[in-house]
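1. everything below, folded, please.
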Amino acid sequence: MKIRELRRKTEKELKDTIINLREKLRDLRFNLAGGKVKNIREIRHTKKDIARILTLLNASLRQKATAGQPQAETQKDGRKKNK
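-> A predicted model of the protein is given here:
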């Protein structure tokens with residue numbers, strides 16, 4: 001999945017997608033142990049898709065948490081100013 005596709009989805013849709021991908025990953029691992037998986041790269045792609053979705057969800061949680069808080073004053077190099 002592309003990150004553009006994921007950004008269009010709602011939080012509920014992303015959580016549902018994670019559930020489905022985790023089930024798919026579990027099935028792939030069982031099939032790998034049984035010697036039924038032909039495309040091992042699919043496991044890697046599934047893991048990366050899960051990571052992308054979790055990253056988006058965590059970023060949205062951070063935005064919600066910091067939305068009401070005032071920004072700390074910083075210097076040009078990014079360090080906090082001493083008062």
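
2. could you list the low-confidence segments of the chain?
-> Applying pLDDT under 70 to the chain flags residues 71-76, 78, 80-81, 83.

3. ok, now with 90
-> Along the chain, segments meeting pLDDT under 90 span 1-3, 37-38, 60-61, 63-83.

4. centre-most residue in it?
-> Compute the mean C-alpha point of the chain, and by CA atoms, centre = their mean the closest residue is Leu54, 2.3 Å away.

5. quick check: closest non-adjacent residue to it.
-> Ile18 (7.1 Å; CB to CB, 6 or more residues apart in numbering). Backbone N, C-alpha and C define where each C-beta goes, glycine included.

6. so how far is Arg29 from that neighbour?
-> Noted for Ile18: a distance of 16 Å to Arg29, by CB to CB, to the nearest Å.

7. before we move on, what about Asn39?
-> Counting by CB to CB, the gap from Asn39 to Arg29 is 14 Å.

8. what do the two both touch?
-> Here Asn39 and Arg29 share no contacting residue, scored by CB atoms under 8 Å, 6 or more residues apart in numbering.

9. ok, the two, which is more surrounded?
-> For Asn39 versus Arg29, the count of surrounding residues by other CB atoms under 10 Å is larger for Arg29: 13 against 9.

10. and whichever strand or helix holds the more buried one, what does it pack against?
-> Assessed by DSSP states H and E, Arg29 sits inside helix 11-34. Applying 3 or more CB pairs under 8 Å, 6 or more residues apart in numbering; DSSP states H and E, we find helix 11-34 packed against helix 41-66.
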